[in-house]
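In: predicted model and sequence below, questions to follow.
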Protein chains: 2
Amino acid sequence: MDFSIKLNALALRTDAALESWVPATPADAPAGPARIHAAMRYSLQAGGKRLRPALALAAADLGGADPDAALPLAAALECVHTYSLIHDDLPCMDDDDLRRGRPTCHRAFDEATALLAGDALLAQAFVIVAEAYADRPALAAALTRELAAACSGARLVGGQMQDLLAERSGPSTAADLEFIHLNKTAALLECSLVCGGLVAGLPAAALADLRRAGRHLGLAFQIVDDVLDATADTAALGKTAGKDARAGKTTYVSLHGIETARRLAAAETDRARAAFGALPGDPTFLLGLADLMLSRRS
Amino acid sequence: MDFSIKLNALALRTDAALESWVPATPADAPAGPARIHAAMRYSLQAGGKRLRPALALAAADLGGADPDAALPLAAALECVHTYSLIHDDLPCMDDDDLRRGRPTCHRAFDEATALLAGDALLAQAFVIVAEAYADRPALAAALTRELAAACSGARLVGGQMQDLLAERSGPSTAADLEFIHLNKTAALLECSLVCGGLVAGLPAAALADLRRAGRHLGLAFQIVDDVLDATADTAALGKTAGKDARAGKTTYVSLHGIETARRLAAAETDRARAAFGALPGDPTFLLGLADLMLSRRS
């Protein structure tokens, strides 16, 4: 199947999983939960590329899992990703008005609602995993462990804190920058691939390859983000462009220049491709995802 | 054993569990995670009464569980409770400067750090459950399911949103108020008792009794909160007193007056005591906890 057709099909299946796994807002629901669920769905439906779900579904597919088995996981990963975006956009964090071309959650609703909707999305990820895999408790427990570790103060949250501290204290070193990217970005990509492998019951060696691939994809992804912030315009990006330079933020572009940054992103992508190539099964689609993440325009 | 000695012993054991299950901040840690972990520990160590851990440990004890088996659960529950306090205190929520007699997390650190520390505490609860009960995966999955459901947009977060909406839109009905208390407060008390019962392997009927007891304890707890806000002073309370009346907030006191509110709290406590009395095992300590929650002064 053509890569972009398959990617689109996975995104549609992820959307359907989100539709069934994130509570809707019946007309007679109490106002509090109704507003929370509306805000959760607003941000989930903002047209993300569903890259983390695609990574999880593709990793599960490698092991020949039932094609539907990883869909709740895919929905859970998108809930975690969306929670992190909502909180990162808040005024006390990056203070962004625009996300994926639409007002950010706290602009469309308000700050308290956005904070709570993010909290509820994080909790919902664990609701989904616990309920969807209740008949495979060892899998449910392993997925919970991976997801929770990726979201912890040592990883996703610690990376975001380090990023904020770097903005406050001025220029960072290349090592600081790598730490931020490994945790703020790579942690959830690693988690997506490894959890997909867990659903498919892949052996430990394959899980280690998936984790390694996620690490390099995460670094490539974030270097590309730095390049796009410096080269794309806000309309194409769907979020405010040029923020890094205006904020005097250390990025791969400020450290190395645009051309070297592009080369570094390509090198990280090559490392991810090599890890995918070591896996059992046909890695064609995963290699396509790695290329897409390198060549994306937004 | 005397009630208050036992309660104190459980709190000390919970503190030790938190010490071992919440990451410390080694001197060579990167600044981001170090700051997050410091903020998490600051709020965890603010001298809470550890009521949710005590409920969980006491419920587990009913089933004759290994006394240490429920300690990681106790730590996880306190992480969830502390996350909810940190986020509720933020400027965009209740905007509180004082919690348990000390500056709130965002006052002691800053708003971004407090937001992230809350996020990390929620994630840490799931890390703890997944890691501590990894050798009992069915239990780990069941605990994750209970905890996540209690934290969801339908319950803890939905109740907090409803509370904020009620403050914005003026007087609430008694039914609205009950909805807020059942979700904002009772959800986590129910969860504490039920999860304690799960660790001990109690049968479904006992779990249902524990859930019922938690529901009534939660209502009693919140009515007492309303009474204390109207009658205690800030020093005794350790948080700002008299806020409800100043905000024109609907409470059990504004709806029913102080004496009737006190009577309603006692009636809910009686219902909780009846549910505890229906359980297998000796409920003496749980009955003591119910009485403490009714007669507390802060």
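Out: That came in fine, so what should we check first? Numbers count the residues shown, from 1 in each chain, chains lettered A, B, ... in the order given.
In: and A:Leu90, what does it touch?
Out: A:106, A:111, A:114-115, B:115 (Cβ atoms under 8 Å, 6 or more residues apart in numbering or on different chains). Placement of C-beta: from N, CA and C, glycine included.
In: mind redoing it with 10 Å?
Out: By Cβ atoms under 10 Å, 6 or more residues apart in numbering or on different chains, A:Leu90 lies in contact with A:96, A:104-106, A:111, A:114-115, A:118, B:90, B:92, B:111-112, B:115.
In: filter those residues down to the ones in helices?
Out: Per DSSP state H, helices hold the following members of the contacts of A:Leu90: A:105-106, A:111, A:114-115, A:118, B:111-112, B:115.
In: which one of those residues is nearest A:Ala236?
Out: Minimum separation from A:Ala236 among those (Cβ to Cβ) is found for A:Cys105, which lies at 21.9 Å.
In: any idea how far the longest helix seen in chain A is from the middle of the chain?
Out: Ranked by number of residues, the top helix in chain A under DSSP H is helix A:204-231. Taking Cα atoms, centre = their mean, to the nearest Å, one finds helix A:204-231 lying 11 Å from the centre of the chain it belongs to.
In: go ahead and flag the most central residue of chain A.
Out: Per Cα atoms, centre = their mean, the C-alpha nearest to the average position across chain A is that of A:His81, at 4.6 Å.
In: what's the lowest-mean-pLDDT helix or strand in chain A packed up against?
Out: Across the helices and strands of chain A, mean pLDDT, DSSP states H and E gives its lowest value to helix A:234-237, namely a mean of 73. Applying 3 or more Cβ pairs under 10 Å, 6 or more residues apart in numbering or on different chains; DSSP states H and E, one finds that helix A:234-237 contacts helix A:204-231.
In: how about stretch A:222-236, which residues are buried there?
Out: For stretch A:222-236, burial by neighbour count (16 or more other Cβ atoms under 10 Å in any protein chain shown) applies to A:222-232.
In: thinking again about what came up before, please see if the longest helix of chain A touches chain B.
Out: No. Judged by Cβ under 10 Å from any Cβ of the partner chain, helix A:204-231 makes no contact with chain B; its nearest approach is 15.0 Å.
In: can you give me the mean pLDDT across that helix?
Out: Mean pLDDT, computed over helix A:204-231, is 95.
In: hmm, A:Thr104 is touching A:Gly238, no?
Out: No. The pair A:Thr104 / A:Gly238 is not scored as a contact, 11.2 Å apart, by Cβ atoms under 10 Å.
In: what lies in contact with stretch A:252-261?
Out: So stretch A:252-261 is contacted by A:171-174, A:177-178, A:181, A:219, A:222-231, A:244-245, A:248, A:251, A:262-265 (Cβ under 10 Å, 6+ apart).
In: what residues does A:Arg211 make contact with?
Out: Contacts of A:Arg211 by Cβ under 10 Å, 6+ apart are A:146, A:186, A:189-191, A:193-194, A:197, A:275.
In: hmm, back to that, which one of the buried residues of stretch A:222-236 is nearest chain B?
Out: Of all the buried residues of stretch A:222-236, chain B sits closest to A:Gln222, with 15.0 Å by Cβ to the nearest Cβ.
In: find the nearest non-adjacent residue to that closest one, please.
Out: Leaving aside its chain neighbours, A:Gln222 sits nearest to A:His181 (4.0 Å; criterion: Cβ to Cβ, 6 or more residues apart in numbering or on different chains).
In: show the buried residues in the contacts of A:Leu90.
Out: Neighbour counting by 16+ other Cβ under 10 Å classes A:96, A:104-106, A:111, A:114-115, A:118, B:90, B:92, B:111-112, B:115 among the contacts of A:Leu90 as buried.
In: in chain A, which spans are strands?
Out: For chain A, the strands defined by DSSP state E cover A:98-99, A:102-103.
In: what packs against the last one?
Out: It refers to strand A:102-103. Applying 3+ Cβ pairs under 10 Å, 6+ apart, one finds that strand A:102-103 contacts helix A:31-44.
In: the helix it packs on near chain B at all?
Out: Yes. Helix A:31-44 is in contact with chain B by Cβ under 10 Å from any Cβ, via A:31-40.
In: from those, pick the one nearest B:Asp291.
Out: Checking these against B:Asp291 with Cβ to Cβ, the nearest one is A:Gly32 at 30.8 Å.
In: contacting residues around the closest one?
Out: Per Cβ under 10 Å, 6+ apart, neighbours of A:Gly32: A:113, A:116, B:153-154, B:157-166, B:176, B:179-180, B:183-184.
In: go through the residues you listed and flag which are in helices.
Out: Residues of these located in helices (DSSP H): A:113, A:116, B:157-166, B:176, B:179-180.
In: if we can go back for a sec, mind putting the buried ones among the contacts of A:Leu90 into CSV with distance to B:Pro23?
Out: CSV is the format used below for these (distance: Cβ to Cβ, whole Å):
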residue, distance to B:Pro23
A:Asp96, 29
A:Thr104, 30
A:Cys105, 29
A:His106, 29
A:Glu111, 29
A:Ala114, 27
A:Leu115, 24
A:Gly118, 22
B:Leu90, 23
B:Cys92, 27
B:Glu111, 22
B:Ala112, 19
B:Leu115, 18
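In: possible to save the residues you listed as TSV with pLDDT and distance to A:Asn8?
Out: Below are these laid out as TSV (pLDDT from 0 to 100; distance: Cβ to Cβ, whole Å):
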residue	pLDDT	distance to A:Asn8
A:Asp96	90	27
A:Thr104	96	25
A:Cys105	97	25
A:His106	97	30
A:Glu111	98	34
A:Ala114	98	29
A:Leu115	98	33
A:Gly118	98	27
B:Leu90	97	39
B:Cys92	95	37
B:Glu111	98	39
B:Ala112	98	36
B:Leu115	98	35
